[in-house]
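S.K.: I'll drop the sequence and a predicted model, then ask my questions.
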Amino acid sequence: TATAKDPAGNTGTATEEVDGTAPTIDINPINPKDPITGTTEPGSEVTVKFPDGTTVTTVADSKGDWTVPNPGNLNDGDDVTATAKDPAGNTGTATEEVDGTAPIIDINPINPKDPITGTTEPGTEVTVKFPDGTTVTTVADSKGDWTVPNPGNLKDGDDVTVTAKDPAGNTGTATEEVDG
């Protein structure tokens, strides 16, 4: 708190809270081609450092979201570091490893009536496309297991296609023929 008094005897007071807390910064999963995104304290300056030593700086918006372009030369396993500096000058840092590998998707044998099941990378979005063009989407659980209902109109020889999109945005596809 500060108080000021002018020559006429008028006083004014101002109070400012001290911010000594480093901002938390999160980096969303990264693949080799899409923009690098994340969240931090709104108004923080975010500097992203790439494996080749280059950096890009941006400012987090009013919600704390930030985005920088992907340099296009990232490889699976590279580390990308982001440092947030809040308006009070406090800094926080996070590192995220680039995931450039498409998820492997396995489809268990399919018959005309039982649910469609399989495995993939945990947390992966799984979209199952049926022969009539309809789709069903689910997310693989913490073990990588996924299940969708059987539409009931499958027949022997039909192809069911499954696409898996991992949290970094990499996709893998597999097809299984209905046996029944």
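M.R.: Received, thanks.
S.K.: neighbours around Gly38, how many?
M.R.: A count of nearby residues for Gly38, using other Cβ atoms under 10 Å, gives 22. In short, each C-beta sits where N, CA and C put it, glycine included.
S.K.: now do Glu177
M.R.: 12.
S.K.: so it sits right up against Asp159, yeah?
M.R.: Yes: with contact defined as Cβ atoms under 8 Å, Glu177 reaches Asp159; the gap is 5.7 Å.
S.K.: what about the chain, any weak spots by pLDDT?
M.R.: Applying pLDDT under 70 to the chain picks out residues 1-3, 13-19.
S.K.: rerun that using 80 as the cut-off
M.R.: 1-7, 9-20 (pLDDT under 80).
S.K.: who are the contact partners of the nearest residue to Glu41 once chain neighbours are set aside?
M.R.: Spatial nearest neighbour of Glu41, excluding adjacent residues (Cβ to Cβ, 6 or more residues apart in numbering): Pro23 at 3.8 Å. Contacts here follow Cβ atoms under 8 Å, 6 or more residues apart in numbering; on that basis Pro23 touches Thr40, Glu41, Ser44, Ala84, Lys85, Asp86, Asn90, Thr91, Gly92.
S.K.: what do you get if the cut-off is 6 Å, keeping everything else the same?
M.R.: Applying Cβ atoms under 6 Å, 6 or more residues apart in numbering, we find Pro23 in contact with Thr40, Glu41, Ser44, Ala84, Asp86, Gly92.
S.K.: ok, so of the residues you listed, who is nearest Trp66?
M.R.: Thr40 (6.5 Å; Cβ to Cβ).
S.K.: the closest one contacts Ala84, doesn't it?
M.R.: Yes: using Cβ atoms under 6 Å, Thr40 makes contact with Ala84 at a distance of 4.1 Å.
S.K.: between those two, which contacts overlap?
M.R.: Both Thr40 and Ala84 are contacted by Pro23, Ile25, under the criterion Cβ under 6 Å, 6+ apart.
S.K.: quick one: secondary structure of Ala4?
M.R.: Secondary structure, DSSP: H, G, I helix; E, B strand; the rest coil: Ala4 is strand.
S.K.: helix or strand for the residue nearest to it when sequence neighbours are not counted, just tell me which one.
M.R.: Distances taken as Cβ to Cβ, 6+ apart put Gly12 closest to Ala4, at 5.1 Å, once the chain neighbours are dropped. Under the criterion of DSSP states H and E, Gly12 resides in strand 11-14.
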